[in-house]
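1. Below: sequence and its predicted model.
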Amino acid sequence: MKKIWINIALVFIALLVYFLQENFFTWFTIAGIMPNLFVIFTLFIGLFCGRNKGIIYGLIIGLTLDIVVGNKIGIYAVTLACVGLTAGMFAKNFSKDSRLTIMLMVAGLTAAFEIVVYILNYFILDTNVEVFEFIKILIIEVVYNVILTIIIYPLFKKFGYFIEHEYKGDQILTRYF
């Protein structure tokens, strides 16, 4: 029963993230560039809920974004699913307590997400290549995402450990003790 409530809370948070992304942060841009909260949210789900939930939520959020704001269906779905997959793989190898580690994850996954979206848009939509403008946008968005992660991660961490405990349980091998 708790897992159902956790999933309802995650859907509510996803709607809140969409509201913040599309309404609130349009007022708080840096050089006209908004942060990408969906990458941070999908990273959070992949880290604390596991690889499979990260992929599923990444696909669902990505398909929703493709339908609402995208030009072609599948670009955001594939890239956010890859973010969830990568975050799930990071969960096993890196500490979730270190803010520096989380900041580096957010920076790397934001950069990878934007580069893959840019490449897919180039090949699928046949857009123009403006490398210097893209690099400027990429740097500002990565910095913006890292700053937001520093601010909101303590809340995510507390809720994340609760979710992790519910989904994964105690992973101590009590049989041997």
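-> Nice, thanks for sending it over.

2. could you give me the average pLDDT of the longest helix that the chain contains?
-> Counting residues, the longest helix found in the chain (DSSP state H) is helix 131-168. Average pLDDT, helix 131-168: 90.

3. which sections of this protein are below the confidence cut-off?
-> 169-177 (pLDDT under 70).

4. quick one, helices of it?
-> 2-19, 37-49, 51-68, 75-93, 99-125, 131-168.

5. Pull out the buried positions in the second one.
-> By neighbour count on 16 or more other CB atoms under 10 Å, the buried set for helix 37-49 is 37-49. Heads up, the C-betas are built off the backbone N, CA and C, glycines and all.

6. How about the fifth one?
-> Applying a neighbour-count criterion of 16+ other CB under 10 Å, the buried positions in helix 99-125 are 102-103, 105-107, 109-111, 113-114, 117-118, 120.

7. try the longest one
-> By neighbour count with 16+ other CB under 10 Å, helix 131-168 contains the buried residues 137-138, 140-142, 144-146, 148-149, 153, 156-157, 159-160, 163-164.

8. now the third one
-> Buried residues in helix 51-68, defined by neighbour count with 16+ other CB under 10 Å: 51, 53-55, 57-59, 61-66.

9. what would the residues you listed look like in JSON lines with distance to A87?
-> Formatted as JSON lines, the buried residues of helix 51-68 follow (distance: CB to CB, whole Å):
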{"residue": "R51", "distance to A87": "8"}
{"residue": "K53", "distance to A87": "10"}
{"residue": "G54", "distance to A87": "5"}
{"residue": "I55", "distance to A87": "9"}
{"residue": "Y57", "distance to A87": "10"}
{"residue": "G58", "distance to A87": "9"}
{"residue": "L59", "distance to A87": "14"}
{"residue": "I61", "distance to A87": "13"}
{"residue": "G62", "distance to A87": "14"}
{"residue": "L63", "distance to A87": "18"}
{"residue": "T64", "distance to A87": "19"}
{"residue": "L65", "distance to A87": "17"}
{"residue": "D66", "distance to A87": "20"}
